[in-house]
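Chemist: with the sequence up front, the predicted model follows.
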Amino acid sequence: MRLGVMCSGNGTNFENIVRTCREDEVVVMVHNKKKCGAAKRAEKLGIPHTQISSKSEDTIIQIMCIFGIKNVYLKCLRTHLQILQTVQEEEFYLEKV
């Protein structure tokens, strides 16, 4: 299964997801902060990443679609709750991490 991850912090959860998902593949990471530690981890792990404002829901969904994402793993942050609803409407399967 192809996975997309959204981050805004140091990236320890992101890296744990990448390293522990043996049957699944993290193919893209979206972060909303310019100096996000998770971006450095994505670089180190060879995973494409991009910075997008958490308010740009349509752009985030487009990126996930481009990478063929059907699962979006979110660290439960207040700013991501609205995106959860939008992604659900796009018939994505969601799981909170």
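Modeler: Yes, it's here.
Chemist: in this protein, where is pLDDT below threshold?
Modeler: 71-97 (pLDDT under 70).
Chemist: could you redo the last one with a cut-off of 80?
Modeler: Low-confidence segments of the chain (pLDDT under 80): 57-58, 70-97.
Chemist: could you pull out the helices for it?
Modeler: Taking DSSP state H as the test, the helices found in the chain are 12-20, 37-45, 57-66, 81-89.
Chemist: which parts of the third one are buried?
Modeler: Looking back up the chat, that one is helix 57-66. 57, 60, 61, 63, 64 (16 or more other C-beta atoms under 10 Å). Yep, even glycine has a C-beta here, placed from its N, CA and C like the rest.
Chemist: what's the burial count for residue 19?
Modeler: Residues near residue 19, counting by other C-beta atoms under 10 Å, number 10.
Chemist: before we move on, back to that, export the helices of the chain as CSV, with columns for distance to residue 29.
Modeler: Listed next are the helices of the chain as CSV, based on distance: least, C-beta to C-beta, whole Å:
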stretch, distance to residue 29
helix 12-20, 6
helix 37-45, 5
helix 57-66, 10
helix 81-89, 15
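Chemist: which one, of those helices, ends up nearest to residue 2?
Modeler: helix 57-66 (9.5 Å; C-beta to C-beta).
Chemist: which elements pack onto the closest one?
Modeler: With contacts taken as 3 or more C-beta pairs under 8 Å, 6 or more residues apart in numbering; DSSP states H and E, helix 57-66 sits against strand 2-7, strand 25-31, helix 81-89.
Chemist: how about 7 Å then?
Modeler: Judged by 3 or more C-beta pairs under 7 Å, 6 or more residues apart in numbering; DSSP states H and E, helix 57-66 is in contact with strand 25-31, helix 81-89.
Chemist: can you tell me how far residue 64 is from residue 49?
Modeler: Residue 64 is 13 Å from residue 49, where distance means C-beta to C-beta, to the nearest Å.
Chemist: same thing with residue 18?
Modeler: Going from residue 18 to residue 49 by C-beta to C-beta gives 11 Å.
Chemist: then residue 11?
Modeler: Taking C-beta to C-beta as the measure, residue 11 falls 10 Å from residue 49.
Chemist: before we move on, what about residue 42?
Modeler: 4 Å.
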